[in-house]
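Novice: could you work out the structure for the sequence below:
(3 chains)
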Amino acid sequence: MSRLVVGAHYGVKDWLAQRITAVLMAIYTLVIFAAVLAGATSSHDAWRGFMAHGVVRFVTFLFIISLGYHAWVGVRDIWMDYIKPTSIRILLHVLTLLVLIGYAGWAIQIIWRL
Amino acid sequence: MTYTVRKFDAVVVGAGGAGLRAALQLSESGLKTAVLTKVFPTRSHTVAAQGGVAASLGNSEEDNWHWHMYDTVKGSDWLGDQDAIEFMCRQANQAVVELEHYGMPFDRVDNGKIYQRPFGGHMSNFGEKPVRRSCAAADRTGHAMLHALYQRNVKVNTQFFVEWQALDLIRDADGEVLGVVAMDMETSEVVAFHAKATIFATGGAGRVYYSSTNAFINTGDGLGMAARAGIPLEDMEFWQFHPTGVAGAGVLITEGVRGEGGILRNADGERFMERYAPNAKDLASRDVVSRSMLTEINEGRGAGPYKDYVYLDLTHLDPQVILKRLPSIHEIGIQFAGVDCLKEYIPVVPTCHYQMGGIPTNRFGQVVVTKGDDLSSPVPGFYAAGECACASVHGANRLGTNSLLDLLVFGKSSGEAAVASIRENVKAHKPLPVDAIEKSLARLDRLNTQKDGSNVHETRVLMQRTMQKHAGVFRFSQLLKEGVDKILEVAQAVARTEIQDKSKVFNTARIEALELDNLIEVAKATMISAEARKESRGAHVRDDAHDTPETPDGRDDKNWLKHTLWHRDGNRLDYKPVQMKPLSVATIDLKKRTY
Amino acid sequence: MTTPLAMRTFHFKIYRYDPDKDAKPYMQDISVVCDPMDKKLLDAMVKLKAKDDSLSFRRSCREGVCGSDAMNINGKNGLACLTDLAAFPEGKPIVLRPLPGLPVVRDLIVDMTQFFKQYLSIKPYLVNDDNLPERERLQSPEDREELNGLYECIMCACCTTACPSFWWNPDKFVGPAGLLAAYRFIADTRDQATNERLDNLEDPYRLFRCHTIMNCVDVCPKGLNPTKAIGKIKEMLVQRAV
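Specialist: So this is what the prediction gives:
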């Protein structure tokens, strides 16, 4: 028999995190959009200078972390919906995490290289 | 032949209000209980009750069980047994409070107590003026009640057999009831449920009439099974026609509408109930209101293109009150009458609603029969409660909201009586007779092999039309006489019904044919009992019963103050006296019934 | 006698399947003549059954309170007894299918086990361990009003079987009807098991598979709003978490 196991207590945490990260990403997108309108991308130097600014570095870092977390919850939900065998699902979860952490690390490296 | 037998301490047939209330008693006591039901419990017809359940809680004005008892006896036109009525009215408060404890979402008044509204025939101070006695959850009281009872049964782990059709009672040579034969509708498997106590809570049989507020499932299955097992049916001539069924559709409009201030009007807009019941007016008891409406219609003051209905007027009420207290009525008006009751009148007509008679029981829910000198000797192992039973608390006419009370009180008392009897008598199950399921199998066989038989649908319609014409609101001796012959003719057609679909999986054609077998027993009982009762009383009003000083409004207490018992065997009738002596108070004496 | 209104013939395409004799389901073309007294889809179906007694469907109260005759009508879940015949356009057959997402037992009858299992999983009964008072517990009219829009559910399963989240995870996602019932008890001031009830739903599937698609609101024949109730449960879970 297969006993149905439910009640992993991270439902609300993830639900809330997805919404908070979405709001953060939306704000960041607006900020970048405004900066573009204000001429931050008028030249390569201006663009580089803008992105190298301490505050912009910080919010870009937040954006990357939000994106990673948001994607993690979303992609995990897809694996949970479509992949039933636990072992394969764990493997995919781990791969997803590794990829997302890798991306985040790479993105941070880029931000602070500027 | 071999067949499956399942053993339980108790089997409840039916999962409406009465069945669920009885099941609670059994499950909570730890007995092994099975509840058989042909529909999922919350689909039982209790769900359609609207207006409320009677209890003299006195939450909004002074009230007590003595007044409630008086109203019930008077409402019954003195045919109700006063011991059972006293029992019910005294248990009412507790029964309602229990439901609240189970979680039923009653409406509330400002001080937090249960909301109560006036209802037809419920008066204060022995018939003086209408009183707020009906405990309500908007106009969905039955729904709220049935769900609360089901939920409570979930809590105590009652074992349900959902979508099982009970076929026949198992009764041995000593007359003891040992269970029921039932069929799993999904597979057509026939199983004997062997039990020390069998409780019938199978509801009414309103579908014997063509125009009925009742659900399709109200086919008197318990009555048919009991009659086939040799149990007589009591007072089957008394059928309540609810004053306010939506004209054409038959859907119920609660009396609570009039409780909240609704008024009946004829085509001229006249509030005609003032002429028929100067004191209670629109809140007179149901038989009185239904007859007044038909009198208006018969005398040409009906409304509509055929002058065949009257109006229910709510337009003078505060729309907020309607939407808060009567939200479903507003919906029903739009859905089934095509009118917005905030602005327009609802066309209504008396519609068959409730069967006052049934399987004879005492106030403990034990089924009783005549045995030698004992006119109410309990049948061992057999109980009945709710609409299928006749305790008799409703006599010749039921008061609104007393039916929900009936099923609570007698559902509980029958459960208690069954528990007590099983506890007292700890023997093993009495063996089943060898032919326990033979009769059921023979009926199924007959149905499967019938050639050139009668069509189930057409036969049912014929029966319904016959009942409607020959045993309606007003009864005529000539029509009743002809009705008996006609219904016996229909019975012959029912005995040779044929179905085209012989399959096994969820065969609803077979179920409908089996239901018709039960309906026809009810129809015969009704027509024959009605033809024989040569007086007018409550819901049974004849043209040849005249209003004289000795027989007020045609009621002949000298000859007819007695319960009818119809026996299927030979369509024999006998009678038993009405229990005029209550348990602890003085008899409520006979008098002319006026509202 | 004159016929005041026209008779009308209705054409149907009905999903038929009898596991005893059909290898696979098929759509049956059948029509029936209705008179002006036949107002609702169910009236026509009763006539259809008189014509072909093998047509199987559940029905009982015929006034929209028992929840038996839920089915998929021209692609949308609803109750046959509350669906107006007159509203069907002329010339196009009425397509009747069983509720989606549940196993078919026969014709329009589905196996509702999974639906009820989810309902039972939320512990649908009042929990209150206080000593019982002799009379009713008191509840203010305002507190009672919190239950409006929740307790009226008739468990017809129109909503749950219209929900893609339920189609995908019927064993794990409670579904709109069950969640509405869960909130009915959470919202009841008499119930004391709020925390246990929230714990029971604090899971990535049971509650949070609701993605506010709102099919449930669209199809509910009683006009209830399970999505709103689900939103309130989420709100309480967040309140509790922060």
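Novice: just the element for B:Thr564, please.
Specialist: Using DSSP states H and E, B:Thr564 falls within strand B:562-567.
Novice: make that B:Ala10, sorry
Specialist: strand B:4-13.
Novice: what comes up buried for that strand?
Specialist: B:7-13 (16 or more other Cβ atoms under 10 Å in any protein chain shown). Where C-beta positions appear, they are placed from N, C-alpha and C, glycine not excepted.
Novice: ditto for stretch B:463-474
Specialist: B:463-464, B:466-468, B:470-474.
Novice: let me see the mean pLDDT of the helix or strand that the strand holding B:Ala10 is followed by.
Specialist: As assigned by DSSP H and E, the chain's next helix or strand after strand B:4-13 is helix B:17-28. Per-residue pLDDT over helix B:17-28 has a mean of 98.
Novice: quick one, helix B:17-28 and strand B:4-13 angle?
Specialist: Angle of helix B:17-28 versus strand B:4-13, following axes from the mean of the first three to the mean of the last three Cα atoms, to 10 degrees, is 120 degrees.
Novice: quick one: list the elements packing against helix B:17-28.
Specialist: Other helices and strands packing on helix B:17-28, by 3 or more Cβ pairs under 8 Å, 6 or more residues apart in numbering or on different chains; DSSP states H and E, are strand B:4-13, strand B:33-37, helix B:141-155, strand B:190-200, helix B:402-424.
Novice: could I have the CA atoms of that helix written out in PDB?
Specialist: These are the backbone C-alpha positions of helix B:17-28, laid out as PDB (Å, rounded to 0.1, in the frame of the first residue of the first chain):
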ATOM      1  CA  GLY B  17     -32.400  13.500   9.900                       C
ATOM      2  CA  ALA B  18     -34.000  10.600  11.700                       C
ATOM      3  CA  GLY B  19     -31.500   7.900  10.500                       C
ATOM      4  CA  LEU B  20     -28.500  10.100  11.300                       C
ATOM      5  CA  ARG B  21     -29.900  11.000  14.700                       C
ATOM      6  CA  ALA B  22     -30.500   7.300  15.500                       C
ATOM      7  CA  ALA B  23     -27.100   6.300  14.200                       C
ATOM      8  CA  LEU B  24     -25.400   8.800  16.600                       C
ATOM      9  CA  GLN B  25     -27.100   7.200  19.500                       C
ATOM     10  CA  LEU B  26     -25.900   3.700  18.300                       C
ATOM     11  CA  SER B  27     -22.400   4.700  17.300                       C
ATOM     12  CA  GLU B  28     -21.700   6.700  20.400                       C
END
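Novice: tell me if I'm right that B:Tyr210 and B:Gln464 touch.
Specialist: Yes - using Cβ atoms under 8 Å, B:Tyr210 is in contact with B:Gln464, at 3.9 Å.
Novice: where does the stretch 401-550 of chain B have low pLDDT?
Specialist: Of all residues in the stretch 401-550 of chain B, none has pLDDT under 70.
Novice: tally up the residues packed near A:Leu98, please.
Specialist: 10 (other Cβ atoms under 10 Å in any protein chain shown).
Novice: check the gap between it and chain C for me.
Specialist: 21 Å (Cβ to the nearest Cβ, to the nearest Å).
Novice: likewise for B:Gly472?
Specialist: 19 Å.
Novice: do A:Thr29 as well
Specialist: 22 Å.
Novice: that residue belongs to a strand?
Specialist: No - A:Thr29: not assigned to a strand; according to DSSP: H, G, I helix; E, B strand; the rest coil it is helix.
Novice: just the pLDDT at it, thanks.
Specialist: 96.
Novice: now for the lowest-mean-pLDDT helix or strand in chain A, which elements pack on it?
Specialist: Lowest on mean pLDDT, DSSP states H and E among the helices and strands of chain A sits helix A:44-52, with a mean of 91. Applying 3+ Cβ pairs under 8 Å, 6+ apart, we find helix A:44-52 packed against helix A:54-82.
Novice: what about the helix it packs on, near chain C?
Specialist: Yes - interface with chain C: helix A:54-82 contributes A:77, A:80-81 (Cβ under 8 Å from any Cβ of the partner chain).
Novice: so which bits of the following helix or strand past that helix are buried?
Specialist: Sequence order places helix A:86-113 as the next helix or strand after helix A:54-82, per DSSP H and E. Buried residues in helix A:86-113, counting neighbours by 16+ other Cβ under 10 Å, are found at A:92-93, A:96, A:100, A:104, A:107, A:111.
Novice: same for the longest helix anywhere in chain C, what does it pack against?
Specialist: The residue-count maximum for a helix in chain C (DSSP state H) belongs to helix C:226-241. Secondary-structure packing of helix C:226-241 (3+ Cβ pairs under 8 Å, 6+ apart): helix A:11-37, helix C:175-186, helix C:194-201, helix C:215-219.
Novice: and it, what's buried?
Specialist: For helix C:226-241, the neighbour count (16+ other Cβ under 10 Å) marks C:226-227, C:229-230, C:232-234, C:236-237 as buried.
Novice: which residues are in contact with it?
Specialist: For helix C:226-241, contacts defined as Cβ atoms under 8 Å, 6 or more residues apart in numbering or on different chains pick out A:11-13, A:15-16, C:149-150, C:159, C:176-177, C:179-180, C:182-184, C:186-187, C:194-195, C:198, C:201-202, C:207-208, C:210, C:212, C:214, C:216-217, C:220.
Novice: now it: average pLDDT?
Specialist: The model assigns helix C:226-241 a mean pLDDT of 95.
Novice: same thing with stretch B:46-63?
Specialist: Stretch B:46-63 comes out at a mean pLDDT of 97.
Novice: mind checking pLDDT for C:Thr161?
Specialist: pLDDT, C:Thr161: 98.
Novice: just checking, C:Ala177 touches C:Met155?
Specialist: Yes - if you go by Cβ under 8 Å, C:Ala177 and C:Met155 touch, sitting 6.1 Å apart.
Novice: who has more neighbours out of these two?
Specialist: Higher neighbour count among C:Ala177 and C:Met155: C:Ala177, with 29 against 26, using other Cβ under 10 Å.
Novice: name the nearest residue to that one, sequence neighbours excluded.
Specialist: C:Thr160 (4.7 Å; Cβ to Cβ, 6 or more residues apart in numbering or on different chains).
Novice: fine, thanks again, bye for now.
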